[in-house]
Structure formats: structure tokens, C-alpha cells
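Task: produce atomic coordinates for the following.
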Amino acid sequence: MTDGFGTITWWGFSPALDLQEKDLVVSLNEMEINEKENDELKILLVGSGDLRHVLTSIARSYRYQRRKLHFYILENALELYARDMLFLALSLETPKRMGLQEKTELFLELFGNLLVRKQSCEYVEKMANEFIKMVTDEDYLAKKLPMLDLSQLKFKERDFLEGIFKFWRNPSLEIFDAEKHWDMRQRQYLGPRYDCRLNAYDWDYHMKLVNKEAEIIHKHEYKSWRNSGIAFEPREATYDIPNKTLASGVIVNQGGEKVLRRGYWGDILVSPYLAFGIQSEEKSFFKKSNNMYTKLSLHVAEYNILSLFHEIAHKEKYSPAKTEEKSKTETESPGGATVTEITEEEEISEQTASQENEEPPSNPLEQPYECLPLEDVRITFLPLSSLPDLPKKTKYKNCFHTVYFANSLVHLLTPDVATIFRDSANVILETARYMLELKDDQEVEFANKIVGLAKAAGCQDPGKFDAKSSNFIAFKYQRPSS
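I've put the predicted structure just below:
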């Protein structure tokens, strides 16, 4: 495998979107959503690779007219569904089990790091047992994650999901030698440049990534990730345990015989920073001093994730200043903890102090898993690569109000598939802006190609757009008159 993108999309190659954002193309009021019948806003995501759009849309849903949201997720690898379950469950952890800051750090670590802390690995192993029960027992799933629907998956897919979770809970460190696989991928990709790989990373950063308006990713962050596979280090700790959620299988030719080989087959070129780390509603992160950003992509991602978790839990916009003032009032202290940590770290400290007085010591994560209530949200996993089959099913005819295609699967957009779109639906196609192996003219060619696909499927002309600076191209679908 010589390309840098790999065969599985562990993280998306564009920033997270709020799929109810009014500025996309079509106002939601134009979509004929029948409020009297409690009609759902149905959103189909094809190949997005992670939950960034789903979590962002859920977290900000309180900002809009209240309506039910139903997300349909379609991927080409079951390992992605397993990761989606992990990050959904983690996002909905209650304060009783996990503080906001701890949850944020754990999310970033498992999301983008090849190596994690021991306690992070233990969390995955514990939750793997929960997921096995959810996959094999529909009643248990309805109790623990009632918003998640696995009923559309085939039996063999659910069996395979169970096998993935059994792999996650295996405590042996030898079943996935992450560092060895990372180094092997680097050697294959760089070839004769491997011995001067730090210079190659520097070239890719300055000549490719920076030109994409992603300068908030510091060169040391990017080069460190390229070299080690570790993107986020929100606290000083030892990151030395393989992140088994980033292991997947691929068919390789070995001695003329095709065999399934488990390893790291994801991105080693673009980085996990794009999903949450280069854009934010909080513009203070993008201030410069001496023409250099004063913050890192890590800080942006940490703030964004913490904000999402706060909004999911409290249905209000996260305000660091307000949080700090509230914390000071509650503790009657004039003093100076960081705004993102003051409430949660004190809560954790109090929990720790109380635990020390108990016999035996009690770990909050030993308590049964419970999720935060997520009203009016449903998430359905569709069978792998089932998009061409959806138009054949009556229940999906004229179904989806918003459809998102990642750049890796946009070729699946055809006139037949378009029959599952609602009239005046939003159709959002990811561009190849951050696919760093492509040259500028190839990016433009790709953008023109997906515009052609969209128009052939019945979407209106999007008008003028800059193919080199657009993360996505949004279209309004207009059903052909019969």
C-alpha cells in the first residue's frame, strides 16, 4: 500500500459541519417537514468516516426550531461503525462517571492517536463488553443507547461487529503492534525518502498543508504526528499502549494466496487535525503574534470538543467566561484555574478524595454505563455499501432532506440513487481540498467532476465556487417532473 490515505477513513478530511446550518443551500422551511405529524429531518451520510457532522449537528440542534433528527450512516467498513458506537457512547457519558475535561481528553486521544494511555485502553476494553451486549441484545441496546438503531445491519455484519469488540477487549498488547505497522506504512509510502523522512514531512507541511489555510496546525504538531502517529497530547502522560480501535483488516496477496491481514491501514499523510482542529466559533484561537498563531490545533480541537459536549448536556452555548464566573461563585474562591478545567477537575478531585476514604476504592467507571438523554435524535447504521440498493426499497423513496457524500464515495451519486432524495433536498459533496497528494489542477478537475455528477443526478447548478478553497459544494436537488 503506497498511498498516504490508506484503505479506511478513520477521520474525515474536512472540518465538521452543522447539517442544520441555514447557509448551506436550502432553508429547512422549504423542505416540507410536516411538524403536525412530527416528521423527522432525515439526514444521510455516505462515507463521512467519523461522527463529526453528527455530533456537531446534535450539539447545536437546540439553536433551531425543535424537530426530530434521524441520521442514517453508511460506510464501507464495520470498524467505522464500531468507532462510531464508541464515540457516541463516550460523548453521552454522564458526569457521574466522567467529568467534561476528562471526557474531552479521552475523545481526542482515542480519535487521533495511534498510542494511548493505559487508562484510555482500559476504558475501551470495559466499553467493548458493553458493546458486545448491545450488538447481541436489542433490548440491552434500547436500554443503554436508545437513540441507536442496528436493526438494518445484516446478521453477519452484527457478528463481525461482535468480533471487533472482542478484539478490543483482548488485553494482550501483542495482537496489534501499532508502532511496527505505522513504521511499515511510512517505509512503503516514502520509499527511498524514508531515511530523510523528517525533511519529507517538513516539505509536505510547508508546500501542501499550509497552502490549504490550515496554518493553525503547527509544523511541530504535524511532523510529530507523521513520525509517531500521536496527534493529541492534552496532558503530560505516557502514550505507549496501542489504540486497538485503529486496527482494521485488509486483503493482501501473500505467496499467490489472498489472506486477511490486520494492521494500521488508515491515513498517514493528512492528519486527524482537520475534523475538529482548524475551525472554531471561538475566533480568539486564531490570533497572531509576530505573524505566528498563539495557539495550536490541539487547543482548537480541545475547545471544540469540550463545547460540543457542553452543548449536548446543557442545551446552551459554551461560554468559558461564564463557566469561570460560576465556578468562582460556587467555590467562593478568587482564584485561577483554567476555564476549561476548573469545574470538572474540582469535581474529579472531590470524587477522588471520597474514593480514598472508601473500602475498597471505587472507580466511577465501574458503575453501570448510562447515557445522557438525547431527545428527538435517532441514528441508524445501514448495511455496508448498500447505497445502490436503497432506491429499490419503498421506505427510502423521496426520503432524505439532507445528503452528505465524502469525496471517497461521491462516485456513488447517480440518477437512480437520487430517487431517495426529497424535493428541494440539500446535497453536500466533499471536495478534495485536503487530499494532499493531489495537485491544484487535479483538485479543480475533481470539483468539476462532482459538479457534473450532481447535475446529472438532478441537482441544480451551484453557481460560481472556488474549487481550491471550498471544503464542500452544496446543491439543491430538484426532482425531474414526470
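
At which residues are the strands of the chain located?
Ranges of strands within the chain are 40-46, 68-74, 115-116, 148-149, 241-242, 248-254, 257-263, 288-289, 292-293, 377-381, 400-405, 421-430, 472-476, based on DSSP state E.

Same list, those strands, but as TSV with distance to residue 11 and mean pLDDT please.
In short, each C-beta sits where N, CA and C put it, glycine included. Output for these, formatted as TSV (distance: least, Cβ to Cβ, whole Å; pLDDT from 0 to 100):
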stretch	distance to residue 11	mean pLDDT
strand 40-46	14	95
strand 68-74	15	96
strand 115-116	15	96
strand 148-149	21	98
strand 241-242	17	96
strand 248-254	13	82
strand 257-263	17	84
strand 288-289	27	92
strand 292-293	22	90
strand 377-381	18	97
strand 400-405	15	95
strand 421-430	13	93
strand 472-476	16	92
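
right, and the ones you listed - which one's nearest residue 169?
Proximity to residue 169, assessed across the strands of the chain by Cβ to Cβ, is greatest for strand 241-242 (13.6 Å).

And for that closest one, what's in contact with it?
114-118, 120-121, 173, 176-179 (Cβ atoms under 8 Å, 6 or more residues apart in numbering).

Weed out the non-buried ones from these.
By neighbour count, with 16 or more other Cβ atoms under 10 Å, the contacts of strand 241-242 hold 114-117, 120-121, 176, 178 as buried.

Which two among the residues you listed are spaced furthest apart?
By the measure Cβ to Cβ, 117 and 176 form the most distant pair in the buried ones among the contacts of strand 241-242, at 16.1 Å.

coming back round to it: just the strands of the chain: most buried one?
strand 400-405 (a mean of 26; mean count of other Cβ atoms under 10 Å).

and that strand, which strands flank it?
strand 40-46 (parallel), strand 421-430 (parallel) (DSSP bridges).

Can you tell me how far the closest residue to residue 369 other than its chain neighbours is from residue 164?
Leaving aside its sequence neighbours, residue 369 sits nearest to residue 130 (Cβ to Cβ, 6 or more residues apart in numbering; 5.4 Å). Residue 130 sits 14 Å away from residue 164, going by Cβ to Cβ, to the nearest Å.

which of the two has more neighbours?
A count of neighbours by other Cβ atoms under 10 Å puts residue 164 above the other of residue 130 and residue 164, at 23 against 20.

Would you map the helices across this protein?
Ranges of helices within the chain are 52-59, 78-91, 100-112, 118-136, 138-144, 155-169, 178-190, 197-204, 219-228, 273-277, 297-314, 320-331, 342-356, 440-456, based on DSSP state H.

The ones you listed: which one's closest to residue 427?
Closest to residue 427 of the helices of the chain is helix 440-456 (Cβ to Cβ; 6.2 Å).

Could you list every helix and strand in contact with the closest one?
Helix 440-456 is packed against strand 421-430, strand 472-476, with contacts defined by 3 or more Cβ pairs under 8 Å, 6 or more residues apart in numbering; DSSP states H and E.

low-confidence ranges in this structure?
1-2, 22-38, 321-362, 481-482 (pLDDT under 70).

Run through the residues that contact the residue nearest to residue 369.
With contact taken as Cβ under 8 Å, 6+ apart, residue 130 is in contact with 89, 144, 369.

So what's the residue count around the residue nearest to residue 235 when sequence neighbours are not counted?
Once flanking residues are discounted, residue 235 sits nearest to residue 105: 6.3 Å by Cβ to Cβ, 6+ apart. Residues contacting residue 105 under the criterion other Cβ under 10 Å number 22.

rewinding a little: looking at the strands of the chain, which is closest to residue 186?
Proximity to residue 186, assessed across these by Cβ to Cβ, is greatest for strand 257-263 (12.7 Å).

got the angle between the closest one and helix 155-169?
Relative orientation of strand 257-263 and helix 155-169, computed by axes from the mean of the first three to the mean of the last three Cα atoms, to 10 degrees: 50 degrees.

what's strand 257-263 packed up against?
Using 3+ Cβ pairs under 8 Å, 6+ apart: strand 257-263 touches strand 248-254.

circling back: kindly reformat the helices of the chain as TSV and extend each row with distance to residue 423.
TSV is the format used below for the helices of the chain (distance: least, Cβ to Cβ, whole Å):
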stretch	distance to residue 423
helix 52-59	22
helix 78-91	30
helix 100-112	37
helix 118-136	36
helix 138-144	33
helix 155-169	32
helix 178-190	45
helix 197-204	44
helix 219-228	44
helix 273-277	31
helix 297-314	31
helix 320-331	42
helix 342-356	46
helix 440-456	16
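
winner for burial among these?
The highest mean neighbour count among the helices of the chain, using mean count of other Cβ under 10 Å, belongs to helix 273-277: a mean of 28.

tell me the contacts of residue 70?
Residues counted as contacts of residue 70 (Cβ under 8 Å, 6+ apart) are 40-43, 377-380.

Now flag whichever of these is closest to residue 400.
For those, the nearest to residue 400 is residue 42 (4.9 Å; Cβ to Cβ).

Need the strands paired with strand 400-405 in JSON lines (columns: distance to residue 286).
Shown next, in JSON lines, are those (distance: least, Cβ to Cβ, whole Å):
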{"stretch": "strand 40-46", "distance to residue 286": "28"}
{"stretch": "strand 421-430", "distance to residue 286": "23"}
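
looking at those strands, which is closest to residue 261?
Judging the strands paired with strand 400-405 by Cβ to Cβ, what sits closest to residue 261 is strand 40-46, at 26.8 Å.

correct me, but residue 437 touches residue 4?
Yes: counting by Cβ atoms under 8 Å, residue 437 does reach residue 4; the two are 6.1 Å apart.
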